[in-house]
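In: just a sequence and a predicted model for now, questions to come.
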Amino acid sequence: MREDFLHYIWQHQYFDKADLRTAAGEEIQVLRPGHRNADAGPDFLNARLRLGEVEWNGAVEIHLRASDWARHSHQTDPKYDQVILHVVGTHDADVARTNGSLIPALALQARLAPELLARYQALVEAPGAAPLPCAPLLNLVPEITKTMMTERALLERVERKAEGITELHHHLGQDWEATAYHALMAAFGFQKNSEPLARLAKALPLTVLRRHRHDQRQLEALLFGQAGFLVENEETTGDDYIQDLRREHEFLRHKYGLGAAALLVHEWNYLRLRPANFPPVRLGQLAGLLHARPALFDALLTAQSVAALTEFFHAPAPAYWRTHFRPGRPGKVPALGKSSTDLLITNVVVPLRVAYAHHVGQPALVESSIALLSELPAEHNQYTAVYEALSFTHRTAADSQGLLALHKNYCTPRRCLHCAIGSRLVQQPRVAR
């Protein structure tokens with residue numbers, strides 16, 4: 001048994017309350033179990049209990065064994081002085097606050113229904129080869145429960161991404177245009193090169209690029225020069241265009257005091273990438289976007305449909321980068337594909353709009369932004385395939401994002417008791433629908 005199971009038992013009060021008494025024999029009545037504490041300190045806050053004839057309000061701490069209190073050094077931590085009840089699986093020691101006063105304990109091991117514990121163990125002890133811990137039992141779960149949990153996971157995923165945008169917005173002095181620029185730069189790396197592009201955005205401020213948005217050649221010089229792609233090598237020797245950009249970059253970097261290139265060529269990732277995804281190709285597409293779309297944030301915020309956003313991202317790359325996969329290496333380069341555009345809408349536009357909606361207090365904008373995901377096709381990968389095989393609904397990008405959140409935040413770490421599906425299986429006897 002894990003500690004999170006006792007958390008679950010206490011939160012939902014799934015234990016025998018007949019003649020409920022503390023380890024010292026004092027009668028106890030739970031008037032309110034309290035709410036889970038996501039921060040440092042006791043596990044449950046604002047609990048309300050009656051111990052004997054006295055009513056108490058305070059915190060509840062939970063451990064598998066009472067002796068874990070000392071093992072975690074709570075007896076010296078003032079945050080735990082507010083604890084009015086120590087809920088444990090096994091009571092093997094008395095515990096005290098920092099002032100030495102004893103804390104009443106409630107042992108639950110003998111009060112747990114064996115079938116409840118068995119259903120819990122069936123989940124958390126499922127074989128590692130099982131696609132999901134609950135896979136053998138999913139036929140016992142109503143479709144509405146699976147749907148609601150997937151939607152909940154989707155909302156949590158979008159909100160988590162929006163929180164990242166909000167932090168970025170704060171770091172950038174609450175400049176929404178700069179926030180959109182930094183978010184887009186990182187997203188154009190499509191995971192493999194997100195970190196180098198995020199570093200490039202920090203090294204090349206939007207305030208500098210704004211002064212040259214009208215001149216595509218200067219934009220290219222700044223972007224490719226600071227990215228470290230304008231170095232002289234066997235491929236670029238004799239390439240007049242690259243040499244011209246190199247001279248322009250030298251002039252501009254001295255003008256703005258940018259220093260040397262922010263990245264070296266070897267810091268960009270090419271391994272297992274198709275040429276259409278090479279970093280210079282993505283950077284060329286960004287150069288075209290920054291040149292053609294002078295107001296990034298306003299355009300992303302006001303677009304009313306996926307079609308409008310797709311059109312926004314289809315700004316043509318500069319001519320050279322439509323015919324070169326990397327400096328000095330010619331080849332036909334495809335335009336930004338639909339799947340890439342869909343990912344940018346999913347990972348940048350929706351979180352950006354949700355973050356802004358929270359900032360200005362527009363709940364309707366939150367809903368309309370998340371609704372965009374239902375207009376995008378589903379994303380198929382090794383993770384979503386597991387859920388598809390188990391008959392989870394998977395028709396749109398909203399479904400995909402929900403399933404990916406389930407995989408990452410619930411199924412992989414086996415947080416079954418925090419999931420509505422796992423909770424349903426633990427609560428209910430195994431009676432088929």
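Out: Received the coordinates, thanks.
In: ok, now which ones touch residue 297?
Out: Residues counted as contacts of residue 297 (C-beta atoms under 8 Å, 6 or more residues apart in numbering) are 176, 177, 179, 180, 352. Using the backbone N, CA and C atoms, a C-beta is placed for each residue, glycine as well.
In: tell me how far the third one lies from residue 150.
Out: Relative to residue 150, residue 179 is positioned 29 Å away (criterion: C-beta to C-beta, to the nearest Å).
In: could you do the fourth one as well?
Out: Summarising the geometry, the distance separating residue 180 from residue 150, computed by C-beta to C-beta, is 29 Å.
In: who has more neighbours, these two?
Out: residue 180 (27 against 23; other C-beta atoms under 10 Å).
In: which helix or strand contains that one?
Out: helix 176-187 (DSSP states H and E).
In: export that helix as PDB, just CAs?
Out: Extracted C-alpha coordinates of helix 176-187, given in PDB (Å, rounded to 0.1, in the frame of the first residue of the first chain):
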ATOM      1  CA  TRP A 176       2.600  40.400 -25.200                       C
ATOM      2  CA  GLU A 177       4.200  41.000 -28.600                       C
ATOM      3  CA  ALA A 178       7.600  39.900 -27.200                       C
ATOM      4  CA  THR A 179       5.900  36.900 -25.500                       C
ATOM      5  CA  ALA A 180       4.400  35.800 -28.800                       C
ATOM      6  CA  TYR A 181       7.800  36.200 -30.400                       C
ATOM      7  CA  HIS A 182       9.600  34.100 -27.800                       C
ATOM      8  CA  ALA A 183       6.900  31.400 -27.800                       C
ATOM      9  CA  LEU A 184       6.900  31.100 -31.600                       C
ATOM     10  CA  MET A 185      10.700  30.900 -31.800                       C
ATOM     11  CA  ALA A 186      10.800  28.000 -29.300                       C
ATOM     12  CA  ALA A 187       7.900  26.200 -31.000                       C
END
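In: buried ones in it, by neighbour count?
Out: The neighbour-count check on helix 176-187 (16 or more other C-beta atoms under 10 Å) flags 176, 177, 178, 179, 180, 181, 182, 183, 184, 185, 186, 187 as buried.
In: ok, now which ones touch the fifth one?
Out: Taking C-beta under 8 Å, 6+ apart, we find residue 180 in contact with 296, 297, 300, 348, 352.
In: other SSEs contacting the helix ranked longest in the chain?
Out: For the chain, the helix with the greatest residue count under DSSP state H is helix 143-171. Contacts defined by 3 or more C-beta pairs under 8 Å, 6 or more residues apart in numbering; DSSP states H and E place helix 143-171 against helix 176-187, helix 350-360, helix 363-371, helix 397-406, helix 420-427.
In: please name every helix or strand in contact with the shortest one.
Out: Put plainly, it is helix 420-427. Contacts defined by 3+ C-beta pairs under 8 Å, 6+ apart place helix 420-427 against helix 3-12, helix 114-124, helix 143-171.
In: quick check: next helix or strand after the shortest one?
Out: Just to be clear, that refers to helix 3-12. strand 28-32.
In: that following strand versus helix 3-12: what angle between them?
Out: If you take axes from the mean of the first three to the mean of the last three C-alpha atoms, to 10 degrees, strand 28-32 sits at 80 degrees to helix 3-12.
In: any idea how far whichever helix or strand comes after strand 28-32 is from the chain center?
Out: Using DSSP H and E, the helix or strand that directly follows strand 28-32 along the chain is strand 35-36. Relative to its parent chain, strand 35-36 has a centroid offset of 22 Å by C-alpha atoms, centre = their mean, to the nearest Å.
In: how about low-confidence regions in the stretch 1-150 of the chain?
Out: Judged by pLDDT under 70, the stretch 1-150 of the chain has its weakly predicted residues at 128-129.
In: returning to that earlier point: and the contacts of residue 297, which two are the farthest apart?
Out: Across the contacts of residue 297, no pair lies farther apart than 177 and 352, at 11.2 Å, counting by C-beta to C-beta.
In: confirm that residue 94 sits in a helix.
Out: No: counting by DSSP: H, G, I helix; E, B strand; the rest coil, one finds residue 94 to be coil, located in no helix.
In: could you pull up phi and psi at the closest residue to it other than its chain neighbours?
Out: Leaving aside its chain neighbours, residue 94 sits nearest to residue 102 (5.7 Å; criterion: C-beta to C-beta, 6 or more residues apart in numbering). When read as degrees, to the nearest 10, the backbone of residue 102 gives phi -70, psi 150.
In: tell me the contacts of residue 102?
Out: 94, 95, 96.
In: same check, this time on residue 88
Out: 6, 62, 63, 64, 65, 66, 68, 105, 106, 107, 108.
In: ok so it is a strand residue?
Out: Yes: counting by three-state DSSP, residue 88 falls inside a strand.
In: just the contacts of residue 180 now: which is nearest residue 211?
Out: Residue 211 lies nearest to residue 296 out of these, by C-beta to C-beta, at 15.4 Å.
In: burial of the closest one, as a residue count?
Out: Residue 296 has 21 neighbours, counted by other C-beta under 10 Å.
In: top strand in this structure by residue count?
Out: strand 54-65 (DSSP state E).
In: okay, and which of the contacts of residue 180 map to helices?
Out: 296, 297, 300, 352.
In: how close does residue 54 sit to residue 81?
Out: From residue 54 over to residue 81 (counting by C-beta to C-beta), the distance is 18 Å.
In: comparing those two, which residue is more hemmed in?
Out: When residue 54 and residue 81 are compared for neighbours, residue 81 comes out ahead with 17 against 8, by other C-beta under 10 Å.
In: now that one: phi and psi?
Out: When read as degrees, to the nearest 10, the backbone of residue 81 gives phi -70, psi -20.
In: farthest from the middle of this structure: give me that residue.
Out: Computed with C-alpha atoms, centre = their mean, the residue of the chain farthest from its C-alpha average is residue 53, at 47.0 Å.
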